[in-house]
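# Just need the structure, nothing else, for what follows:
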Amino acid sequence: MDSTRFDRITRTLASAPSRRTMLRGALGLAAVAAVPAIPAAACVDVDSNRDCQRDNDCCGKDSRCRNGRCQCKSGFRACRDNGQVRCFDRRNDADHCGGCGKRCRNGESCVQGSCTYGGDGNCTIHGFCGAGRPNCCPGFACRAGQPDAGLGGCVPA
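Numbers count the residues shown, from 1 in each chain. Below you'll find the predicted structure:
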């Protein structure tokens, strides 16, 4: 081995950190990796067993924190929606009209818990009609039968 090459190797070895310094660095990295990640705070559903401290802890603007539990505000009811329990106004929510998961048809609105066509509550396009019940909306006619079974009620004219 020539002297130039020998000098280069010895300089490289002399400038490398000591084993003690390398060990300290490795232990420091291991300690950082061992600390569990802190999960982001998630909101509390109304059916959750988790406690809440204030209204902002509860999921949705229609729920509140009372006695450490999230509850629906007055006039709202709990329904499961997309895997979570949320509070809905079942009198006016077209996706939970009159009950959880009861969706109004395209073009209908939820008025006082019933799906109606046109949003004014004066006519309907499905269900029972006539004789003290809502009239059929324009373009529909009332037919005798069993609307709950898909027979009769308001049908396209």
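# can you give me the helices in this structure?
Taking DSSP state H as the criterion, the chain carries its helices at 3-15, 19-34.
# and those, which one is worst for confidence?
Lowest mean pLDDT within those: helix 19-34, at a mean of 55.
# Surely Ala157 is in contact with Gly139?
Yes - contact criterion Cβ atoms under 8 Å: Ala157 and Gly139 qualify, at 5.8 Å. C-beta here means a position set from N, CA and C on the backbone, and glycine is covered the same way.
# Show me the contact partners of stretch 78-89.
45-48, 59-60, 62-63, 72-73, 75-77, 90, 95-96, 100-101 (Cβ atoms under 8 Å, 6 or more residues apart in numbering).
# list the buried ones in it?
78-79, 81, 85-89 (16 or more other Cβ atoms under 10 Å).
# could I get the residues you listed as a markdown table with pLDDT and distance to Gly113?
Putting those into a markdown table (pLDDT from 0 to 100; distance: Cβ to Cβ, whole Å) gives the following:
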| residue | pLDDT | distance to Gly113 |
| --- | --- | --- |
| Ala78 | 92 | 16 |
| Cys79 | 90 | 13 |
| Asp81 | 83 | 17 |
| Val85 | 86 | 20 |
| Arg86 | 88 | 18 |
| Cys87 | 92 | 15 |
| Phe88 | 92 | 11 |
| Asp89 | 92 | 9 |
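# For stretch 68-78, measure first residue to last.
Taking Cα to Cα, to the nearest Å, stretch 68-78 runs 17 Å from one end to the other.
# buried ones in it?
69-72, 76-78.
# Outline the domain layout of this protein.
Annotated domains of the chain cover 55-88, 122-156 [automatic domain parsing].
# so where's the protein uncertain?
1-2, 5-7, 9-41, 107, 117-122, 125-127, 146-152 (pLDDT under 70).
# which residues in it form strands?
63-66, 69-72, 77-81, 84-88, 108-111, 114-117, 123-124, 135-136, 140-143, 153-156 (DSSP state E).
# who are the neighbours of the first one, in terms of helices and strands?
If I follow you right, that is strand 63-66. Using 3 or more Cβ pairs under 8 Å, 6 or more residues apart in numbering; DSSP states H and E, the elements in contact with strand 63-66 are strand 69-72.
# The strand it packs on pairs with which strands, parallel or anti?
Here strand 69-72 has these sheet partners by DSSP bridges: strand 63-66 (antiparallel).
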